[in-house]
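**Student:** coordinates only, sequence not included:
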């Protein structure tokens with residue numbers, strides 16, 4: 001059964017760090033672009049970062065550049081999002097998803113995880 005499962009969310013103070021994991025089953029993550037998206041209450045879902053199939057090219061939205069790092073562990077069929085220096089505006093539900101196309105175009109992503117909550121608050 002094809003599935004993506006996110007984990008690692010939680011409550012953290014501003015300036016803190018979290019590492020999110022996206023583990024796949026039923027398919028090989030390395031054969032697809034894997035993206036991280038987030039959605040804050042009342043807001044549209046936005047792309048945060050993605051990593052391309054095989055070559056591992058990465059892309060970040062401007063608001064997280066220099067703070068977030070996406071990486072992949074093929075042996076664990078898992079993609080990570082290391083988030084440092086977190087800000088209150090990073091709060092939201094974080095989703096991972098797969099796409100056959102490199103980039104953060106929402107409509108190209110066909111399978112999604114259920115999401116993990118990230119809350120940045122003092």
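**Tutor:** Structure received. Nothing here was measured: the structure is a model prediction, and the numbers come from that model.

**Student:** Please, which helix or strand holds the residue most central in space within the chain?
**Tutor:** Taking C-alpha atoms, centre = their mean as the criterion, residue 36 is the residue nearest the geometric centre of the chain, at 2.5 Å. Using DSSP states H and E, residue 36 sits within strand 33-39.

**Student:** So which elements touch the next helix or strand after that strand?
**Tutor:** Later in the chain than strand 33-39, the nearest helix or strand by DSSP H and E is strand 46-51. Taking 3 or more C-beta pairs under 8 Å, 6 or more residues apart in numbering; DSSP states H and E as contact, the helices and strands that strand 46-51 lies on are strand 33-39, strand 58-60, strand 68-73, strand 78-83. In short, each C-beta sits where N, CA and C put it, glycine included.

**Student:** Any chance of TSV for those, columns distance to residue 107 and mean pLDDT?
**Tutor:** As requested, the helices and strands packed on strand 46-51 are arranged in TSV below (distance: least, C-beta to C-beta, whole Å; pLDDT from 0 to 100):
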stretch	distance to residue 107	mean pLDDT
strand 33-39	12	98
strand 58-60	16	97
strand 68-73	20	97
strand 78-83	20	98
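
**Student:** CSV please, covering those and showing distance to residue 101.
**Tutor:** Formatted as CSV, the helices and strands packed on strand 46-51 follow (distance: least, C-beta to C-beta, whole Å):
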stretch, distance to residue 101
strand 33-39, 6
strand 58-60, 12
strand 68-73, 16
strand 78-83, 16
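
**Student:** which stretch among these comes nearest residue 11?
**Tutor:** Ranking the helices and strands packed on strand 46-51 by proximity to residue 11 (C-beta to C-beta) places strand 78-83 first, at 13.2 Å.

**Student:** Within its sheet, name the partner strands of that closest one and how each one runs.
**Tutor:** If you go by DSSP bridges, strand 78-83 pairs up with strand 18-25 (antiparallel), strand 68-73 (antiparallel).
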